[in-house]
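>>> got a predicted structure here, sequence first:
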Amino acid sequence: MSNRFVEQGLRSPVNLTWEVTLACNLRCRHCLSSSAEPAANELNSTEALALVEELHQEGVFQINFGGGEPFMRPDFMQILDACHQRGIMTCISTNGTLFTPELVAQLSKTSMVAIQVSLDGAKKETCETIRGKDTYETALRALELLTQSSIPTSINTVLTTDNADEIQELQNLANQLGVTLRISRFRPSGRGADNWEELRPSPSQLIEFSAWLAENENIRTGDSFFSLTSQERQGLGLNLCGAAKLTCCVSPDGMVYPCAFLQSDRFEAGDLRKNSFKQIWDSSEIFESFRGLRIHSCEDCQRFDQCHGGCPAVAYHLKDDIEGGDPECLERCVTSIADAKEAETAA
Amino acid sequence: MSAAGIRLHPACRVRQEEFGLLFYDLRGPRLLFAETGSLLAPEHFDAMRSKDDLPAGLTAQQAKVLKNFIEKLLKRGFLREQ
């Protein structure tokens, strides 16, 4: 089942990811954008505020802010305020390092913000292996501050081989804190590509996780375009890649891409310094190609209705072929485990 | 005492699409695709109004469909009744 309204094309994205800066005070090994120092030509305050107004005019419902660490950007609160004044809902993905009671109080003034704090392990050593020293306590402190406010908060975990065995513990921790758990898929982009072999979950871990997810229907995943449970996704017929259909990504320097995991020249849909957002959304050839993307090689698969070929970004990064189907899909995981067993028996 | 009215829930947004109205609920987040064409404008839900207050010029059948639709929006939490 697919969503015919989405297939027809929407006038603008439902939400978009805006990486407001590449500046980050951490060097997480799985970072999708290799964040560290600010990008050379990041949108200035005037340009950023103009973009907020433009997205408002286009009817974008929500902006998911990421980076980098968004709070590293000195004018970030100004950008947030501009969104909220226009009724645009926001979700901020943060490492939590810069959270203070004052910041939380300031953020609490609106009911239009949700916050995701990254935590990549239920155990301190697991989290710190991926994110660096002291990140576990810092994230927990931020979460505790947020739980004292009315801000909808979630723990955001990227599934890796290191934390795959701690997912239930993370869920317990989330329950204990009174926040939700959102689990994202690890993709080989940015610094994540450099550390892919070390951090990627094994096929059996992915299968186990999928089974766990099926039993824990309240867990949200960040796959496709925004956080939905698998049941909600299925119900809406949105179990498809939402890139260029429901969402897209704006990079710190104002380039527009189909999604945050495809921020390379090849997937550049447009430059906000040269074209309006509307022109890019309506006319970009890259976006057109994503809207027409059909993973024909997967059509005979029994799971096709559930995934529609999976994530083109993973297919691109691992096989340089966005039309080739997701190389890490569950069906391929099952096959790969069977092949490994067969090879073992033969040997 | 004034009669109860309806309006968009503060956590929800709505916009016009070619097929009709697209509703978004941050609390899920949830989406609702409503094939209303141009029968109802998003602004219909901006201010408090009676459930029966529908745009002029509708046929009886269209009004019935829209009333059911508004009940559905209320039930699903996209609208708030006060």
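Everything's here; your move. Numbers count the residues shown, from 1 in each chain, chains lettered A, B, ... in the order given.
>>> quick check: A:Leu26 touching A:Glu69?
Yes. Using CB atoms under 8 Å, A:Leu26 is in contact with A:Glu69, at 7.2 Å. From N, CA and C alone the C-beta is placed, and that goes for glycine too.
>>> neighbour count winner among these two?
In terms of neighbours (other CB atoms under 10 Å in any protein chain shown), A:Glu69 is the more surrounded of A:Leu26 and A:Glu69; the figures are 24 against 20.
>>> can you tell me the closest non-neighbouring residue to that one?
Take A:Glu69 and drop its neighbours on the chain: the residue closest to it by CB to CB, 6 or more residues apart in numbering or on different chains is A:Cys24, 4.6 Å away.
>>> strands of the chain, start to end?
In the absence of a named chain, this looks at chain A. Secondary structure of chain A (DSSP state E): strands located at A:15-19, A:62-66, A:89-94, A:113-118, A:153-159, A:180-185, A:220-221, A:249-250, A:255-257, A:270-271.
>>> try again with chain B
According to DSSP E, chain B carries its strands in the segments B:6-8, B:12-17, B:20-25, B:30-34, B:79-81.
>>> ok, which of those strands comes nearest A:Phe287?
Nearest to A:Phe287 among the strands of chain B is strand B:12-17; the distance by CB to CB comes to 16.8 Å.
>>> and that closest one, how far from the chain's centre?
Between the centre of strand B:12-17 and the centre of its host chain there is 10 Å, according to CA atoms, centre = their mean, to the nearest Å.
>>> contacting residues around it?
A:5, A:10-12, A:59, A:61, A:87, A:89, B:8, B:21-26, B:33, B:38, B:41-42, B:45, B:77-79 (CB atoms under 8 Å, 6 or more residues apart in numbering or on different chains).
>>> now these: which count as buried?
A:5, A:10, A:12, A:59, A:61, A:89, B:8, B:21-26, B:33, B:42, B:45, B:78-79 (16 or more other CB atoms under 10 Å in any protein chain shown).
>>> get me the contact residues on chain B for chain A.
Contact residues (CB under 8 Å from any CB of the partner chain) of chain B with chain A: B:10-11, B:13, B:15-19, B:22, B:24, B:26-31, B:33, B:35.
>>> could you redo the last one with a cut-off of 10 Å?
Within chain B, the positions near chain A by CB under 10 Å from any CB of the partner chain are B:10-20, B:22-35, B:42.
>>> please convert the buried members of those residues into ChimeraX selection syntax.
Only the buried members of those end up in this ChimeraX selection, burial being decided by 16+ other CB under 10 Å:
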select /B:11,12,13,14,15,16,17,20,22,23,24,25,26,28,29,30,31,32,33,34,42
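>>> so for chain B, the centremost residue is which one?
Central residue of chain B (CA atoms, centre = their mean): B:Ile70, 5.1 Å from the mean position.
>>> tell me who's in contact with the closest residue to that one other than its chain neighbours.
Excluding the flanking residues, the one nearest B:Ile70 by CB to CB, 6+ apart is B:Lys51, at 5.8 Å. For B:Lys51, the contact set (CB atoms under 10 Å, 6 or more residues apart in numbering or on different chains) comprises B:3-6, B:67, B:70-71, B:74, B:79, B:81.
>>> shaky segments in the chain?
As the question left the chain open, I've gone with chain A. Under the criterion pLDDT under 70, the flagged ranges of chain A are A:1-2, A:222-239.
>>> should've been chain B
The low-confidence ranges in chain B, as defined by pLDDT under 70, are B:1-3.
>>> quick one: contacts for A:Ala338?
Contacts of A:Ala338 by CB under 10 Å, 6+ apart are A:Pro203.
>>> any shared contact partners between A:Leu26 and A:Glu69?
By CB under 10 Å, 6+ apart, A:Leu26 and A:Glu69 have these common neighbours: A:35, A:95, A:97, A:118.
>>> nearest to chain B among those residues?
Of all the shared contacts of A:Leu26 and A:Glu69, chain B sits closest to A:Ser118, with 19.4 Å by CB to the nearest CB.
>>> what's opposite the closest one in the beta bridge?
Note on A:Ser118: beta-bridge partners A:Asn156, judged by DSSP bridges.
>>> list the contacts for it?
Counting by CB under 10 Å, 6+ apart, A:Ser118 has contacts A:26, A:28, A:30-31, A:66, A:69, A:93-97, A:127, A:130-131, A:135, A:139, A:142, A:155-158, A:182, A:184.
>>> which residues touch the nearest residue to A:Gln62 once chain neighbours are set aside?
Distance criterion CB to CB, 6+ apart; nearest residue to A:Gln62, sequence neighbours excluded, is A:Asn15 at 3.9 Å. A:Asn15 is in contact with A:55, A:60-64, A:88-91, A:225-227, A:242, A:246-248, B:24, B:26, B:29, counting by CB under 10 Å, 6+ apart.
>>> could you measure from A:Asn15 over to B:Gln82?
For A:Asn15, the distance to B:Gln82 equals 28 Å [CB to CB, to the nearest Å].
>>> same check, this time on A:Ile155
35 Å.
>>> can you show me the helices along chain B?
B:60-75 (DSSP state H).
>>> is it true that B:Ala41 touches B:Leu66?
No. Counting by CB atoms under 10 Å, B:Leu66 is not a contact partner of B:Ala41; they are 11.9 Å apart.
>>> overlap of the contact sets of these two?
B:Pro55.
>>> re the thing from before, the residue nearest to the centre of chain B and B:Arg7 touch, don't they?
No. The pair B:Ile70 / B:Arg7 is not scored as a contact, 11.1 Å apart, by CB under 10 Å.
>>> is stretch A:75-93 anywhere near chain B?
Yes. Stretch A:75-93 reaches chain B (CB under 10 Å from any CB) through A:87-91.
>>> stretch A:288-307 too?
No. Using CB under 10 Å from any CB, stretch A:288-307 stays clear of chain B, coming no nearer than 14.3 Å.
>>> buried residues, stretch A:32-43. List them.
Those buried within stretch A:32-43 under the rule 16+ other CB under 10 Å are A:32-35, A:38-39, A:42-43.
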